[in-house]
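Visitor: Sharing a model prediction with you, sequence too.
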Amino acid sequence: MKNNTKRPAKRTLQGLDWLNFLLADVQAGVGPFLAIYLAKYGWNEELVGTALAVGGIAGIIAQTPAGALVDGARSKRALVAAGIIALAVGALVIAVIPRVWPVLLAQVLIGASSSIFIPAICAISLGVVGHRLFDRRQGRNQTFNSAGNVMAAVSMGLLAYYVSDRAIFFFVMALAIPTLWALGRIRADDIDYELARGASTQGRQEHVAHVMFMSACVVTTQFIITLLASWAGVKAGDWGRKPLPLIGFAVLPVRGILYTLTGSAPLLIGIQVLDGIGAITTAVGIGAALSQAIAGGLVHHYGSHVGFLFLAGVASAALATQAAQAPK
């Protein structure tokens, strides 16, 4: 097994930085703002929850075959390029045909294609820097990814305010071009493909106010992740990976309960700090798949407090499971 520290070209490392930054922008446009966009076209909470859940379920179902595909493919950059194009196509469908079946099909396409990005970028990163610097590289990847999410949330919030919600999805399509450029900056010769195979892992005013509120929530979460990501990458090597997910899971039930105690926008945005601390890819994926449809139905029939308490209960169960598996 190769454990040496590799010395890739500067343009390759910069390409990885830009890829993580811009890819976050592309993905953000079809996530947090989708619910508000669909509500404008008469979708109720239950339908919105279903649409979000479909994307999550497609993503989770695709994870294992996507990991195997990434592991077996020599050209991992081509897989990432295909995923970026698929996201752009999905965004176009949502923008042009905001009806139930087209949106659901677009969500399946987006969810499945998004499953390629995490294992592919992990594999490329490992193939570029080697085992010894992999944790630090992953921390840097997440830093740029979260910074990209901040930029995307601000940009898309402003687009929705000054132009239209639909403009967000056309913005996503436009961003696919520089994202592909960043991918092309990563030199194929700098990727050790044998080494990379070991990286498979795991009313108008009211409407405008909601868009800007969502933008603020996303910015808060991603800002916290940006601050913590590099630190977490270093600590993953020092502490092991068990304590960090345990901390992340612990804050999620607290966050869910706090949401039921206030209707103040500044306080709700403040609570998003906990979301930044508790952001875990696996937890987010499983939560999207198993909780969105149920929570959407609960909100539709019984109100938002019941929905938040349900999600807090799911997070508590996840915390208990993780604590039981944590080292003594």
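Guide: Yep, it's here.
Visitor: if you go through the stretch 101-250 of the chain in chain order, where are the strands?
Guide: In the stretch 101-250 of the chain, no strands are defined using DSSP state E, counting those that start in this stretch.
Visitor: Can you show me the helices along it?
Guide: Using DSSP state H, counting those that start in this stretch, the helices of the stretch 101-250 of the chain run over 117-129, 134-162, 165-185, 193-196, 204-239, 243-259.
Visitor: worst average pLDDT in these?
Guide: Between those, the lowest average pLDDT goes to helix 204-239, which shows a mean of 55.
Visitor: Next, the buried residues of stretch 162-177.
Guide: Using 16 or more other C-beta atoms under 10 Å as the test for burial, stretch 162-177 gives Asp165, Arg166, Ala167, Ile168, Phe169, Phe170, Phe171, Val172, Met173, Leu175, Ala176. (C-beta placed from N, C-alpha, C; glycine too.)
Visitor: distance of Arg99 from Glu46?
Guide: For Arg99, the distance to Glu46 equals 16 Å [C-beta to C-beta, to the nearest Å].
Visitor: Looking at those two now, which is surrounded by more residues?
Guide: Neighbour totals were compared for Arg99 and Glu46, and Glu46 leads with 17 against 11 (other C-beta atoms under 10 Å).
Visitor: What is the burial count for the spatially closest residue to Val100 that is not a sequence neighbour?
Guide: Counting by C-beta to C-beta, 6 or more residues apart in numbering, the nearest residue to Val100 once its immediate chain neighbours are dropped is Leu47, at 7.0 Å. Leu47 sits with 19 neighbouring residues when counted by other C-beta under 10 Å.
Visitor: After the strand or helix carrying Leu47, which helix or strand is next?
Guide: Take DSSP states H and E as the rule and Leu47 turns out to sit in helix 45-72. Once helix 45-72 ends, the next helix or strand along the chain (criterion: DSSP H and E) is helix 76-96.
Visitor: shaky segments in the stretch 1-150 of the chain?
Guide: Within the stretch 1-150 of the chain, the segments meeting pLDDT under 70 span 1-6, 25, 28-29, 31-32.
Visitor: again, only this time at 80
Guide: Counting by pLDDT under 80, the stretch 1-150 of the chain shows low-confidence ranges at 1-7, 24-33, 45, 56, 60, 63-64, 135.
Visitor: Hmm, Pro98 and the residue nearest to Val100 touching each other?
Guide: No. Using C-beta atoms under 8 Å, Leu47 is not in contact with Pro98, being 11.4 Å away.
Visitor: Quickly list what's touching both of those two.
Guide: Shared contacts of Leu47 and Pro98, defined by C-beta atoms under 8 Å, 6 or more residues apart in numbering, are found at Leu38.
Visitor: what's the nearest residue to Ala66 if we skip its chain neighbours?
Guide: Excluding the flanking residues, the one nearest Ala66 by C-beta to C-beta, 6+ apart is Ser115, at 4.0 Å.
Visitor: Tabulate the buried residues of stretch 162-177 in CSV, adding columns for distance to Met151.
Guide: Shown next, in CSV, are these (distance: C-beta to C-beta, whole Å):
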residue, distance to Met151
Asp165, 18
Arg166, 20
Ala167, 16
Ile168, 13
Phe169, 17
Phe170, 17
Phe171, 11
Val172, 13
Met173, 17
Leu175, 10
Ala176, 15
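Visitor: of all those residues, which comes closest to Val80?
Guide: Nearest to Val80 among the buried residues of stretch 162-177 is Ala176, at 11.5 Å by C-beta to C-beta.
Visitor: ok, now which ones touch the closest one?
Guide: So Ala176 contacts Val26, Ile84, Ile85, Leu87, Ala88 (C-beta under 8 Å, 6+ apart).
Visitor: Please name the spatially closest residue to the third one (chain neighbours excluded).
Guide: Just to be clear, that refers to Ile85. For Ile85, the closest residue by C-beta to C-beta, 6+ apart turns out to be Ala176, at 6.7 Å.
Visitor: Kindly confirm whether my reading is correct that Tyr41 touches Pro98.
Guide: Yes. Between Tyr41 and Pro98 there is a contact under C-beta under 8 Å: 4.8 Å.
Visitor: Which of the two has more residues huddled nearby?
Guide: Counted by other C-beta under 10 Å, Tyr41 and Pro98 do not tie: Pro98 has more neighbours, with 20 against 11.
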